[in-house]
Structures are given as C-alpha cells and as structure tokens.
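J.: mind looking at a prediction? Sequence and model below.
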Amino acid sequence: MARSVLIFLINGLGGAEKVSLDISRFLHDDGWEVNYAVVGVEDGINPQLTPRFLPGARVEFIKWKSQLSLLKNLRNTIRDVKPDVVFSSAMHINQRLLLLSPLFPKIKFIVRNDNYLYTLPKLKKTTLRLTYPLADGIISQTEEMEEELVAIGLSPRKIHTLHNPVNLEYILKQAAEESPFPDDGRTRFVAVGRTARQKGFDILIEAFFKVQTRLPESELYIVGNTDYMGGENYRALKKRINELGIEQKVHFTGFQHNPYKYIRNSDVFVLSSRYEGLPNVLIESQFLGVPAAAFTCIPIISRIIDEGKSGFTATPGDPDSLAEAMVRASQLSQFQPVYTPAAPTDFVKLFDSLIKQA
C-alpha cells in the first residue's frame, strides 16, 4: 500500500529536527513517500538542513510572516501534498497544524512533544491543552513527559512514549573524522549547543573555573551557534570568561556541521542545561563511549548515565557539584551505554497503525 507523510520542520538543525529527519529515514526505508515543509522567518532553507534531506524528496519552504499567513500557507501545503500523515516535532508548529486538522478529516495528524510542560508559560500550556486532543497520535519522549500530558487531560490511548532513536551509523561515521585537538595530553571537556540560557553555559563556565584548580592543564570547548539572540548571551559569556582569567582555556567553535569529532576526541562530555526535552547529544556521547558530567535537569538523565561507570550526575544549577562531576568523569575508562533508544520499527508501526484506523 502506498503511504505518504508530510513532515514539518523548523528552519534549523536542533534536536527536534534531527529526530524528525531520522524518523523520515525510517519511514522511507519502509516504503513511505516522504515530503518536507520547512518553516522559518528567514529567506530560504537553512543550509544546515539541506544535506540531511532524503535524496529526491519534495521540500517546500514556508516563510513565517504573520500568524494568519502562516496558517494559510500550512493549510495550502497540506492541501497540495495530500499526504496520509502530517507530522511535526516542534510544539508551536504542532498547535497550529492541529488547529487545521478538522479541515482534513482523511489525514492523520501525529505530533511529537518536544519539551516538558513545566517549562512552558501558562498561555502556551492552555493552547496545548486545547489543541493536542485534535491529534490522532502524540509521541512523548519520556515516561515523565507522558505523565504530564495525561495530567492535563489528554487521553492515554493517544500518547505513545518512544525514547529518541540513535542514528549510530551516522554518528560513528562523523566521529571517525580527524580529531580537531592537538595530541598534547591535555584534558578536554566538550559541551554542545547554541548559546541560549537554557543550555546553562554560564554555570558551566563557573564550574570549569573551579575544575582548573584541580586540572590546570584542562580546556573547555563549547560547540554551537554563538549568534543566538543576536550574540547577546555569547558576549556575556565571553565577558565572564575574561573576568575569571580563563580566556586561554575556553574555546567557542561556533556552529559545526560535525560536532561528533569534538565529542569523540574529548575526555568528558558536559551537559549543563537548565532544562531539556530529551538531550540527544548526551545520548550520542554515551554511544561514542565518552564519559559524561551532567545536571539531572530532567529525571531520565539519571537513567541515561550509569553513575560511576559512564559518568557522574550533578545537582541542577550548582557549579560546585558540576565541577566535581567533571573531575570524577575525567578519570573514567571504557563503558557500555545503558540507554535504550526506540527502534526504527517502533516509529513505523505507530504511523502504520494510525493510518489503518477508520
């Protein structure tokens, strides 16, 4: 049976987009026709995304000019493509697509919830409570996220908890590229993410300053876009680094198409986030065999890290606790990851089961 999916993406390459692109590959490998629609305020598709599209797939770009024009363009794209399933993994796109779902009664709408509800303002939680019941299926990333969704009145029958998949073949290939670090015996800590407050790099810098007293030959690399918020956060981070006198030890690489070579060749991966949905990069670092030091900003992090074997956890927001975890993690050796990702077949079965429903 011919099956088609229209996947809506935000115009960038964050965790939600990476998972959506992985799901598109799983469906394609099972015979689905995959179409993409990219939504952004910029002109044209972000070049970070282009290499990750399936060859030959239809790709539409929707410029977000106003709320009304966005809804109109979302509707027109669905009408033109005529898919069996519409899928999105970005909460603010999910809600708008679901508002349109009654116009397309023959199409199934599946959304993946990309963040915990406790991180949202009251108005956004209210709109989610009103729009998510219109979905045919809701993918939750963790058991705790599922509990939140049920608690606001959503039907448990619609919610499917699928942990984020791991594209191991891809990350191993990327990680095999030449190391970006000189072979000088220094201990290297790596963090990955845009310079947003959510990522907690301000706390990480304070923690790394404390690490220096015990590991003076260590360095910190922060891999990710520094232009977030017009570079305001980046400039504040640089100012604090200079105040602490560690400007020769902290390196911002900017956005990198291949962050995995940094992670694989580091001694410790550090997650300093104030909150996450489900941190792909932490999971990937574990599958690359790199010990982690991480804030337990969400409960599942304690289930991703095998304490004392694959890393050490730290009290959220506490630079002393994070510094201790970083030093202890730098002393660890080989380990086996304990995280169990969802299998490609889990996603395919979900999509197939929903289009078979009357």
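T.: Great, that's in hand.
J.: off-centre distance for the helix or strand of the chain with the lowest mean pLDDT?
T.: For the chain, scoring each helix and strand by mean pLDDT, DSSP states H and E identifies helix 122-131 as the least confident one, at a mean of 91. Distance of helix 122-131 from its chain centroid, counting by CA atoms, centre = their mean, to the nearest Å, is 22 Å.
J.: which other helices and strands does that helix contact?
T.: With contacts defined as 3 or more CB pairs under 8 Å, 6 or more residues apart in numbering; DSSP states H and E, helix 122-131 has these neighbours: helix 91-100. C-beta here means a position set from N, CA and C on the backbone, and glycine is covered the same way.
J.: how far does the helix it packs on sit from the chain's center?
T.: A distance of 19 Å separates the C-alpha centroid of helix 91-100 from that of its chain, computed with CA atoms, centre = their mean.
J.: packing partners for it?
T.: Packed against helix 91-100 by the contact rule (3+ CB pairs under 8 Å, 6+ apart) you find strand 4-10, helix 67-81, strand 85-88, strand 108-112, helix 122-131.
J.: tell me where the stretch 251-358 of the chain has strands.
T.: 268-271, 292-295, 311-314 (DSSP state E, counting those that start in this stretch).
J.: got these as JSON lines, with distance to Arg52, mean neighbour count and mean pLDDT columns?
T.: Converted to JSON lines, the strands of the stretch 251-358 of the chain look like this (distance: least, CB to CB, whole Å; neighbours: other CB atoms under 10 Å; pLDDT from 0 to 100):
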{"stretch": "strand 268-271", "distance to Arg52": "22", "mean neighbour count": "28", "mean pLDDT": "98"}
{"stretch": "strand 292-295", "distance to Arg52": "25", "mean neighbour count": "28", "mean pLDDT": "98"}
{"stretch": "strand 311-314", "distance to Arg52": "28", "mean neighbour count": "26", "mean pLDDT": "98"}
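J.: about what we covered before: would you list the helices and strands packed on helix 91-100 in a markdown table and tack on mean neighbour count?
T.: Below are the helices and strands packed on helix 91-100 laid out as a markdown table (neighbours: other CB atoms under 10 Å):
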| stretch | mean neighbour count |
| --- | --- |
| strand 4-10 | 23 |
| helix 67-81 | 15 |
| strand 85-88 | 26 |
| strand 108-112 | 24 |
| helix 122-131 | 14 |
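J.: for Ala191, find the nearest of these.
T.: strand 4-10 (22.1 Å; CB to CB).
J.: next, the angle from the closest one to helix 67-81.
T.: Here strand 4-10 points in a direction 150 degrees away from that of helix 67-81 (axes from the mean of the first three to the mean of the last three CA atoms, to 10 degrees).
J.: listing partners with orientation, what would you give for strand 4-10?
T.: strand 33-40 (parallel), strand 85-88 (parallel) (DSSP bridges).
J.: got the contact list for it?
T.: When contacts are defined by CB atoms under 8 Å, 6 or more residues apart in numbering, strand 4-10 is touched by residues 16-17, 20-21, 23-24, 27, 32-40, 49, 74, 77-78, 81-90, 93, 97, 351.
J.: the residue nearest to Asp306 when sequence neighbours are not counted: how many residues sit nearby?
T.: Of all residues not flanking Asp306 in the chain, Val338 sits nearest, at 4.8 Å (CB to CB, 6 or more residues apart in numbering). The local packing of Val338 (other CB atoms under 10 Å) involves 12 other residues.
J.: quick one: Val338 from Leu54, how far?
T.: Val338 sits 31 Å away from Leu54, going by CB to CB, to the nearest Å.
J.: go through the strands paired with strand 4-10 and name the closest to Glu178.
T.: That would be, of those and by CB to CB, strand 33-40, which comes in at 31.5 Å.
J.: was I right about Arg129 contacting Val150?
T.: No. Arg129 lies out of contact with Val150 (CB atoms under 8 Å); the separation is 11.8 Å.
J.: what's near enough to touch the residue nearest in space to the middle of the chain?
T.: Centrality entry for the chain: nearest residue to the mean C-alpha point is Gly15, 2.0 Å, by CA atoms, centre = their mean. For Gly15, the contacting residues are Asp114, Asn164, Gly277, Leu278, Pro279, Asn280, Val281, by CB under 8 Å, 6+ apart.
J.: any regions of the chain where pLDDT drops low?
T.: 1, 358 (pLDDT under 70).
J.: need the strands paired with strand 4-10 in TSV (columns: distance to Asp318).
T.: Formatted as TSV, these follow (distance: least, CB to CB, whole Å):
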stretch	distance to Asp318
strand 33-40	36
strand 85-88	35
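J.: mind listing what the residue lying closest to Ile298 once chain neighbours are set aside touches?
T.: Among residues not flanking Ile298 along the chain, Glu276 sits closest, at 5.6 Å (CB to CB, 6+ apart). For Glu276, the residues meeting the contact criterion (CB under 8 Å, 6+ apart) are Gln198, Cys297, Ile298, Ile301.
J.: give me the distance between Glu276 and Pro344.
T.: Glu276 sits 23 Å away from Pro344, going by CB to CB.
J.: pretty sure Val270 contacts Ile205?
T.: No. Under the criterion of CB under 8 Å, Val270 lies out of contact with Ile205, with a separation of 10.9 Å.
J.: related to what we said a few turns ago, just the buried residues from the contacts of strand 4-10, in ChimeraX please.
T.: One line in ChimeraX is enough to select the buried members of those, burial here meaning 16 or more other CB atoms under 10 Å:
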select :16,17,20,21,23,24,27,32,33,34,35,36,37,38,39,40,49,74,77,78,81,83,84,85,86,87,88,89,90,93,97,351
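J.: fine by me, thanks again.
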